[in-house]
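Enquirer: Here's a sequence, model it:
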Amino acid sequence: MEYTNMDLGKKIAEILDAKKAENVQLLNVVELTTLAECFVIASGNSSTQVAALADEVEEQMTKLGIEPHHVEGGRGNTNWILLDYDGVIVHIFHREAREFYNLDKLWSDAEKVEFLTNMQKDK
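Expert: Have a look, this model is predicted:
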């Protein structure tokens, strides 16, 4: 199955939400940069959770036959992991690192895109 970049971004945001990531945001940045069409930004409460969130995204994407083009950040004691799926860039932060780098503010001109959260699925 072929996914548009926005569909892939929504799928990744839903995966992160289901895995209990905090403050998951899907941003449409296509009008603001040539880096990607969308960013997914999420937070974890510990290095372990950050790594687990990234692992879950990679595992679920691999099941769909989609591999990241590039991965930044370690799997050990890390505060930020970046997964590059070409048109979709996923930023998974430790909560404090997210506050420090403040990508939400940096990309505040981007359109926030709705996606189906776990709570909405339960209704």
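Enquirer: Quick check: closest non-adjacent residue to V71.
Expert: Leaving aside its chain neighbours, V71 sits nearest to L83 (5.7 Å; criterion: CB to CB, 6 or more residues apart in numbering). (Glycine included, C-beta is placed from N, CA and C.)
Enquirer: wait, D104 sits on A42?
Expert: No. At 11.0 Å, D104 and A42 do not qualify as touching, with contact defined as CB atoms under 8 Å.
Enquirer: Mind listing the shared neighbours of the two?
Expert: Taking CB atoms under 8 Å, 6 or more residues apart in numbering as the criterion, D104 and A42 both touch Q25.
Enquirer: Counting neighbours, go ahead and name the busier of those two.
Expert: Ranked by neighbour count (other CB atoms under 10 Å), D104 and A42 place A42 first, with 26 against 17.
Enquirer: burial of the closest residue to N79 other than its chain neighbours, as a residue count?
Expert: Excluding the flanking residues, the one nearest N79 by CB to CB, 6+ apart is A97, at 3.7 Å. Counted with other CB under 10 Å, the burial measure for A97 works out to 18 neighbours.
Enquirer: now do L106
Expert: Residues within reach of L106, counting by other CB under 10 Å, total 9.
Enquirer: try the one 5 residues further on
Expert: Using other CB under 10 Å as the criterion, E111 is surrounded by 12 other residues.
Enquirer: Then V71?
Expert: 15.
Enquirer: And it, what's its pLDDT?
Expert: V71 carries a pLDDT value of 94.
Enquirer: Which helix or strand contains it?
Expert: For V71, the host element (DSSP states H and E) is strand 70-72.
Enquirer: which residues touch the closest residue to D109 other than its chain neighbours?
Expert: Using CB to CB, 6+ apart and skipping the chain neighbours, the partner closest in space to D109 is L32 (6.1 Å). Contacts for L32 were tallied using CB under 8 Å, 6+ apart; they are 107, 109-110.
Enquirer: do K19 as well
Expert: 52-53, 56.
Enquirer: can you tell me which of these are in helices?
Expert: 52-53, 56 (DSSP state H).
Enquirer: most surrounded residue in those?
Expert: Within these, most neighbours by other CB under 10 Å means L53, with 25 neighbours.
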